[in-house]
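Colleague: Sharing a sequence plus its predicted fold:
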Amino acid sequence: DAGITQSPRHKVTETGTPVTLRCHQTENHRYMYWYRQDPGHGLRLIHYSYGVKDTDKGEVSDGYSVSRSKTEDFLLTLESATSSQTSVYFCAIKGQGPQFEAFFGQGTRLTVV
Amino acid sequence: DAKTTQPPSMDCAEGRAANLPCNHSTISGNEYVYWYRQIHSQGPQYIIHGLKNNETNEMASLIITEDRKSSTLILPHATLRDTAVYYCIVRFQGAQKLVFGQGTRLTINP
């Protein structure tokens, strides 16, 4: 599992509340990613990070913010959760080799009611 | 990154070779072909990648046509555990993110 832990694994929250998902890695990888997966859309990149305090937007970044204050932690925040953000969220890290071998966490199932 | 086209679903009998096609007709010279798979509810898993030569590892073989406009992922002896969604991804050399398409849902039948 390349030392990736996502927390929580499941969460139910109410519309309008803030939610933070955490991705923790133990292997000092530089690149970390947040994806969401919905039926009919496959995996879509939300944000990614290429180092501490260095982040960039993906294809579906609206309504999400991220922070990376330590190499090992990449946080995804929904400032005001909406029902459209109900999804499964996957964190990933890029391995150290020259090829793009990404390792994914087990996912967080978020339900916004 | 170049766009990829994959069939939405395929079936294969257990023990037979599963051949998954991918079309990437607009691929450029600096773009690699990657394959990942996602077994039900799990995060995607890297399988193999290549530029222009055929590649083989312990999981699969990747055959890329000479013009690089298409490729085939081969699982030589498919098992029930190979049932998954398989994603073909084209990535520009140096790009630091992966963009997933819809993939092919492969079902291995006993």
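Modeller: Arrived safely, thanks for sending. Numbering: from 1, shown residues only, chains lettered A, B, ... in the order given.
Colleague: Can you name the residue of chain A nearest chain B?
Modeller: Nearest residue of chain A to chain B (CB to the nearest CB) works out as A:Phe104 at 2.7 Å. (Each C-beta comes from the backbone N, C-alpha and C, glycine too.)
Colleague: wait, that residue sits on B:Ser41?
Modeller: No: applying CB atoms under 8 Å, one finds A:Phe104 not in contact with B:Ser41, separated by 11.7 Å.
Colleague: what does chain A put close to chain B?
Modeller: Residues of chain A lying near chain B by CB under 8 Å from any CB of the partner chain: A:31, A:33, A:35, A:42-45, A:48, A:50, A:58-59, A:90, A:92, A:94, A:99-107.
Colleague: Kindly indicate whether the residue of chain B found nearest chain A is helix, strand or coil.
Modeller: The nearest approach of chain B to chain A comes at B:Gly43, 2.7 Å away (CB to the nearest CB). Secondary structure, DSSP: H, G, I helix; E, B strand; the rest coil: B:Gly43 is coil.
Colleague: got a list of what it touches?
Modeller: Contact analysis of B:Gly43 by CB atoms under 8 Å, 6 or more residues apart in numbering or on different chains lists A:Phe90, A:Ala92, A:Phe103, A:Phe104, A:Gly105, A:Gln106, A:Gly107.
Colleague: Low-confidence ranges, the chain, go.
Modeller: You didn't pick a chain, so chain A it is. Across chain A, the ranges flagged by pLDDT under 70 are A:1-2, A:98.
Colleague: please go with chain B instead
Modeller: Residues of chain B that meet the criterion pLDDT under 70 lie in B:1-2.
Colleague: number of nearby residues for the closest residue to B:Asn54 other than its chain neighbours?
Modeller: Excluding the flanking residues, the one nearest B:Asn54 by CB to CB, 6 or more residues apart in numbering or on different chains is B:Ile63, at 5.2 Å. Using other CB atoms under 10 Å in any protein chain shown, B:Ile63 has 16 neighbouring residues.
Colleague: List the beta-bridge partners for B:Ile63.
Modeller: Taking DSSP bridges as the rule, B:Ile63 bridges to B:Thr72.
Colleague: again with A:Ile4
Modeller: In beta-bridge terms (that is, DSSP bridges), A:Ile4 pairs with A:Gln25.
Colleague: got it, and A:Gly42?
Modeller: Counting by DSSP bridges, the residues bridging with A:Gly42 are A:Asp38.
Colleague: so how far is A:Val88 from it?
Modeller: Per CB to CB, to the nearest Å, A:Gly42 is found 11 Å from A:Val88.
Colleague: tell me, what residue is most central in chain A?
Modeller: Centroid check for chain A by CA atoms, centre = their mean gives A:Trp34 as the closest residue, at 2.9 Å.
Colleague: May I have the host helix or strand of that residue as PDB, with CA atoms only?
Modeller: A:Trp34 belongs to strand A:32-38 when elements are defined using DSSP states H and E. Once non-C-alpha atoms are left out, strand A:32-38 reads as follows in PDB (Å, rounded to 0.1, in the frame of the first residue of the first chain):
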ATOM      1  CA  MET A  32       0.700  13.700  -3.700                       C
ATOM      2  CA  TYR A  33      -2.800  13.800  -5.300                       C
ATOM      3  CA  TRP A  34      -6.400  14.000  -4.500                       C
ATOM      4  CA  TYR A  35      -9.000  12.400  -6.900                       C
ATOM      5  CA  ARG A  36     -12.700  11.900  -6.700                       C
ATOM      6  CA  GLN A  37     -14.600   9.100  -8.300                       C
ATOM      7  CA  ASP A  38     -18.200   9.200  -9.300                       C
END
